[in-house]
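Visitor: output the structure for:
(2 chains)
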Amino acid sequence: MKKTLKKKYPFTMLFLCFSSLLMIFPFIWMILSAFKTSSDVYAYPPKWIPSSFKWDNFAEVFKKIPFFRFYLNSILVSVTQTFLQILISAMGAFALTKLEFPGRKKIVTFMQSSLFVPEVVTIIPMFLIVSWAGLIDTYGGLILPELSCAFTTMLLMSFFETIPNDLIDAAKIDGCGYYRVFTHVMIPNARTALGTSSLFAFLTHWRSYMWPLLATNNVNLRTLPIGLKYLVQETSTEYQVLMAASVMAIVPVLIVYLLMEKEFVQSITLTGLKS
Amino acid sequence: MKRNVVFTIAVLALCVIAMPAMAAGSETKLTVWYAVSGDSGEAFKAMLEKYDAANDDVSLQYSYSGNYGDTATKVSAALVSNTAPDVALMAAGPLYTGARNDFFIESKINDSDFNKNDIFPGVWEYAEYNGRICAVPYGISTPVLFYNKAIMEKAGINMKNPPKTWDEFFKVAEAAQTKGNITGASDFWGFDVTDVAWLYKSMLSQNGNTVIKVKNNNVSPAFDDEKSVEVATFWKKLVDAKLMPVGQHSNAEKKFLSGNLAFLVASSARIARWAKDPSLKVGAIPMPYFKKPSVALGGNVLIILAKDQKVKEEAWKLVKYLARAENQTGYALKTGYLPIRKSGIALPEAKETIEKNEMFGVAFDQLDYAWSYWHFEQMGTMDQILVQVIDSIERNTMSPKDALQKGAAELQAEIDG
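Guide: Below is the predicted model:
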């Protein structure tokens, strides 16, 4: 099969290999830089391979910042946010695709338009609400404001629409209410979509910087993206230390991706159930 | 009897419970946000910790608030929701005090134990809004002209007698590029700069111009007249002679540190880090000039945002402590920022540092002719416009005069809203 593909589409294969290299290049650069010395990092033309592998860069991260604390906070906040966001999005998607109620289309249009509003516009009003609710410097203040996401709701809506209404009707005849239709019919049939949405949601929350920075002043509540900023100098950053921290920071993302890879790939080709 | 014993125990228990609360009630809580990270953040935090430990009547709560841009967003949001810190170390601080008609610091700087005249006059300008002081300058830096010692040695250039004017410098940079290529790389250059707008503003002042004009507290751009065109023309000459690469300023520091650039203009804040690295053979010379020596200031200031009068007074005590000659100079020597006080430079530790590395001396001496323009809301936009203007001059898409006039018109439109 592989040989056939290579022979049949040599230019496509070449293009794909080149594109893959482009995608993987920053990761390789980051990993190699994590082991470099200061002079290696600033070498010009750039030095690919470190002159000596400096493991001390990793130890330096723990000396400079409470890395474990930031790490735990990031995991706690991202996992909780992802779980709650997907739950809310899935319920919203179910209601908006399978239930009939007045104003449904208007809600969908309103939700779609919210995708075009940049975060910077909403961040200060959101801060005011969270501040008024007394949630600044709390995990609640970190987690709750970032739960609603039109993107994951719409992604799930597109998958839920492919689930035939006949299946829902059959479940209703068998005595299922809305709750059981949601948990026993919709969720099991949309596992691939849920996996993809979870991956997107987790990545967004794991990288989130501005909101956690605004919502926290206490260092014990801060997350990894802010922690990485502690390592950045106004001038002449020690990039090798920053890269060592970054390498450690992407491990959970890689784990989540490896766990969700199958669902992620399937979701791209998913066509839905046949009626 | 039994009832009395129970009553006494209850009273004592209440006293024990109330004591910490009473004690806490007597101490003033101060929140401090700082926009410096890495070594600078650690050094600033260490001073806060020291102050906190030495003052029982004050309790400090401090946190890093992100880089300058992030801190501006955080402070803006906090001001709207009444959750602003009492003290902040940030860039463009006057926009958060003076612009809101808060000149509390101006009313305090005459304190005898503050000694405002000890602070360099040009440095004070960096803390003004509408000509009034509303901040205390703190992490101050200036552009410095660095050179690679190995390149100078190979080119046979003696930096003991450095070029004074830009015309003299042009010849030296040309010689360094022609004769000093130590790496053999084709991508070898005589001169470059990391922050284009910063050097350009310094050059304007050197040529007897200002960046902005102020009339009746109204700001308007002043970088489009004949003197500015002269500066822009010199800039273009550097590019045309292939001494400076076109539009590659973000790579300038890398090129310099790898030995592929003879001269680099970068922040004085580089000095502390570079001085620590024995493998770097780097020196610095006073910034060349057109008509008079001049360098534009950059960096951060301390501001007080507290509302309660008692808290304001405590915040001012903290600011005074941080701005003491020994504290601020100690911070400067650790981080690469510059001393703000004349007496700071005279301290033994400062003298010792200068003796160890002459680059500190060059940067410190520049404070005598460092200057700043008034803070105004569109100052960030002005820098972006200047970068675009210079880029179009370097790429030869516009003449210096046209580019400057277009940039000034754009800025004026921004100011007019």
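Visitor: name the element B:Glu349 belongs to?
Guide: Using DSSP states H and E, B:Glu349 maps to helix B:348-356.
Visitor: from the chain's centroid, how far away is that helix?
Guide: Relative to its parent chain, helix B:348-356 has a centroid offset of 21 Å by CA atoms, centre = their mean, to the nearest Å.
Visitor: and that helix, what does it pack against?
Guide: For helix B:348-356, the packing partners by 3 or more CB pairs under 8 Å, 6 or more residues apart in numbering or on different chains; DSSP states H and E come out as helix B:325-335, helix B:358-366. From N, CA and C alone the C-beta is placed, and that goes for glycine too.
Visitor: what about residue 225, how many neighbours?
Guide: By default, I'm working from chain A. By other CB atoms under 10 Å in any protein chain shown, the residues close to A:Pro225 number 17.
Visitor: nope, chain B
Guide: By other CB under 10 Å, 17 other residues sit near B:Asp225.
Visitor: who's in contact with it?
Guide: Contact analysis of B:Asp225 by CB atoms under 8 Å, 6 or more residues apart in numbering or on different chains lists B:Asn209.
Visitor: extract the C-alpha set from the one helix or strand A:Thr204 maps to and format it as PDB.
Guide: Secondary structure assignment for A:Thr204, by DSSP H and E: helix A:191-207. C-alpha atoms of helix A:191-207 as PDB (Å, rounded to 0.1, in the frame of the first residue of the first chain):
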ATOM      1  CA  ARG A 191     -17.700   9.900  21.300                       C
ATOM      2  CA  THR A 192     -15.400  10.800  18.400                       C
ATOM      3  CA  ALA A 193     -16.800  14.300  18.300                       C
ATOM      4  CA  LEU A 194     -16.500  14.600  22.000                       C
ATOM      5  CA  GLY A 195     -12.900  13.500  21.900                       C
ATOM      6  CA  THR A 196     -12.000  16.100  19.300                       C
ATOM      7  CA  SER A 197     -13.800  18.800  21.100                       C
ATOM      8  CA  SER A 198     -12.100  17.800  24.400                       C
ATOM      9  CA  LEU A 199      -8.700  18.000  22.700                       C
ATOM     10  CA  PHE A 200      -9.400  21.500  21.300                       C
ATOM     11  CA  ALA A 201     -10.800  22.600  24.700                       C
ATOM     12  CA  PHE A 202      -7.900  21.200  26.600                       C
ATOM     13  CA  LEU A 203      -5.300  22.800  24.300                       C
ATOM     14  CA  THR A 204      -7.100  26.200  24.600                       C
ATOM     15  CA  HIS A 205      -7.200  26.000  28.400                       C
ATOM     16  CA  TRP A 206      -3.700  24.600  28.800                       C
ATOM     17  CA  ARG A 207      -2.300  27.600  26.800                       C
END
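Visitor: which elements pack onto that helix?
Guide: On the basis of 3+ CB pairs under 8 Å, 6+ apart, helix A:191-207 makes packing contacts with helix A:67-98, helix A:150-160, helix A:251-269.
Visitor: out of these, flag the one nearest B:Thr397.
Guide: helix A:150-160 (39.3 Å; CB to CB).
Visitor: what angle separates that closest one from helix A:191-207?
Guide: Angle of helix A:150-160 versus helix A:191-207, following axes from the mean of the first three to the mean of the last three CA atoms, to 10 degrees, is 170 degrees.
Visitor: so which elements touch helix A:150-160?
Guide: Helix A:150-160 sits against helix A:67-98, helix A:104-114, helix A:191-207, with contacts defined as 3+ CB pairs under 8 Å, 6+ apart.
Visitor: wait, which of the ones you listed is closest to B:Leu48?
Guide: Set against B:Leu48 and scored by CB to CB, the helices and strands packed on helix A:150-160 come closest in helix A:67-98, at 19.7 Å.
Visitor: so what's the closest residue to chain A within the stretch 151-300 of chain B up against?
Guide: In the stretch 151-300 of chain B, the residue that lies nearest chain A is B:Ser258 (3.5 Å; CB to the nearest CB). By CB under 8 Å, 6+ apart, the contact set of B:Ser258 is A:Tyr42, A:Ala43, A:Tyr44, A:Pro45, B:Thr183.
Visitor: just the pLDDT for B:Ala275.
Guide: On pLDDT, B:Ala275 comes in at 84.
Visitor: wasn't it part of a strand?
Guide: No. Using DSSP: H, G, I helix; E, B strand; the rest coil, the assignment for B:Ala275 is helix, not a strand.
Visitor: in the helix or strand in which A:Gly140 is found, what counts as buried?
Guide: Under the criterion of DSSP H and E, A:Gly140 resides in helix A:139-143. Of all the residues in helix A:139-143, those buried under the rule 16 or more other CB atoms under 10 Å in any protein chain shown are A:Gly141, A:Leu142, A:Ile143.
Visitor: over to stretch B:44-61?
Guide: Across stretch B:44-61, burial judged by 16+ other CB under 10 Å covers B:Phe44, B:Lys45, B:Met47, B:Leu48, B:Tyr51, B:Asp52, B:Asn55, B:Val58, B:Leu60, B:Gln61.
Visitor: tally of neighbours for residue 173?
Guide: No chain was given, so I picked chain A. 8.
Visitor: nope, chain B
Guide: There are 26 residues near B:Ala173, going by other CB under 10 Å.
Visitor: next, the closest residue to it other than its chain neighbours: secondary structure please.
Guide: Distance criterion CB to CB, 6 or more residues apart in numbering or on different chains; nearest residue to B:Ala173, sequence neighbours excluded, is B:Gly190 at 3.8 Å. What three-state DSSP gives for B:Gly190 is strand.
Visitor: show me where chain A dips below the pLDDT cut-off.
Guide: Low-confidence segments of chain A, defined by pLDDT under 70: A:1-3, A:5, A:44, A:234-237, A:264, A:267-275.
Visitor: sounds good, over and out.
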